[in-house]
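Engineer: give me a model of this one.
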Amino acid sequence: MGDNFYKDATKEDDRFVKESSDKDLNDISKGSILEIGSGKDMNGRKANGNRKSPLNPLSEEQIKCLQQEIASIHADESIFTFNRGFQTSYNDRLDKISVMADVFPDEGSIHPRDLISARAVLAHEYYGHRAFRGTRLKPGSWNDEFRASYRAAKEAPNLSDEDKYYLILDAVERAREAGVSIRHNSFIRGVLYGY
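Structural biologist: The predicted structure follows:
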């Protein structure tokens, strides 16, 4: 497919995210299920998931495995740091992705955010957050996280169907948690339902 197809598809995706984001996004006190300032939803669940604890340092073996995952998604390895920071996240100001033990899934959970593979989390940070460095969305807002999961599922190479599925479920869940209805476009329908 030519460059014009990609540009048109990207414009369509950007329009989709913007249309889905037109609600007052910064005032979480209106109809949201998040408790203001707590970082937790009404069920006591962390807004960023119940993944492995970021307080446990990554071992050398885990770091080598994660470096292979970074290479598999064709990301610039120099952007990633290990065992620095409080959680796996992208820092706009430093243009660095801090990778902590919370990059690994909690396989005992049933929530999509907890089940996303380490490869998909790395893609979420790199193709989702880093690709939109310096945009107007507040880092960590529901629509920033929605866009990061959506774009990672769509753009990152070498993600499995399961990785894409959990990323899209995460995106949709972020919107639901913020009280926002998301129109399922053809990409979301294709990933979730196969059509």
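
Engineer: tell me where the protein is predicted with low confidence.
Structural biologist: 1-50 (pLDDT under 70).

Engineer: what segments of it are strands?
Structural biologist: Per DSSP state E, the chain carries strands over the ranges 80-82, 89-91, 96-99.

Engineer: residue boundaries of the helices in this protein?
Structural biologist: In the chain, the helices defined using DSSP state H lie at 3-20, 60-72, 112-115, 118-123, 142-155, 161-177, 186-193.

Engineer: buried sites along the fourth one?
Structural biologist: For helix 118-123, a neighbour-count test (16 or more other C-beta atoms under 10 Å) marks 118-123 as buried. Bear in mind the C-beta positions are built from the backbone N, C-alpha and C, glycine included.

Engineer: run the chain-centre distance for that helix.
Structural biologist: In this view, helix 118-123 has its centroid 8 Å away from the chain centroid, taken as C-alpha atoms, centre = their mean, to the nearest Å.

Engineer: all numbers from here: first residue = 12
Structural biologist: That works, and once the first residue is 12, the last one we named lands at helix 129-134.

Engineer: mind listing residues that contact that helix?
Structural biologist: For helix 129-134, contacts defined as C-beta atoms under 8 Å, 6 or more residues apart in numbering pick out 76-77, 80-81, 83-84, 86, 91, 99, 108, 110, 114-116, 163-164, 167, 169-170, 174-175, 177-178.

Engineer: ok, back up a step: and the buried residues of helix 129-134, which is closest to Trp153?
Structural biologist: Nearest to Trp153, judged by C-beta to C-beta, of these is Val132 at 17.5 Å.

Engineer: distance of the closest one relative to Ser197?
Structural biologist: Distance, Val132 to Ser197, using C-beta to C-beta, to the nearest Å: 25 Å.

Engineer: and the buried ones among the contacts of helix 129-134, selectable in PyMOL?
Structural biologist: Remark: buried members of the contacts of helix 129-134, expressed as a PyMOL selection using 16+ other C-beta under 10 Å:
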select buried, resi 77+80+81+84+86+91+99+108+110+114+115+116+163+164+167+170+174+175+177+178
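
Engineer: list the residues that contact the closest residue to Ile193 other than its chain neighbours.
Structural biologist: Excluding its sequence neighbours, the residue lying closest to Ile193 (C-beta to C-beta, 6 or more residues apart in numbering) is Ala186, at 4.5 Å. Ala186 sits next to 31, 153-154, 157, 192-193 when contact means C-beta under 8 Å, 6+ apart.

Engineer: got it, and Arg158?
Structural biologist: Contacts of Arg158 (C-beta under 8 Å, 6+ apart): 28, 139, 143, 148, 182.

Engineer: isn't Gly145 right up against Asp103?
Structural biologist: Yes. Using C-beta atoms under 8 Å, Gly145 makes contact with Asp103 at a distance of 6.2 Å.

Engineer: name the residue in these two with the higher neighbour count.
Structural biologist: Higher neighbour count among Gly145 and Asp103: Asp103, with 13 against 7, using other C-beta atoms under 10 Å.
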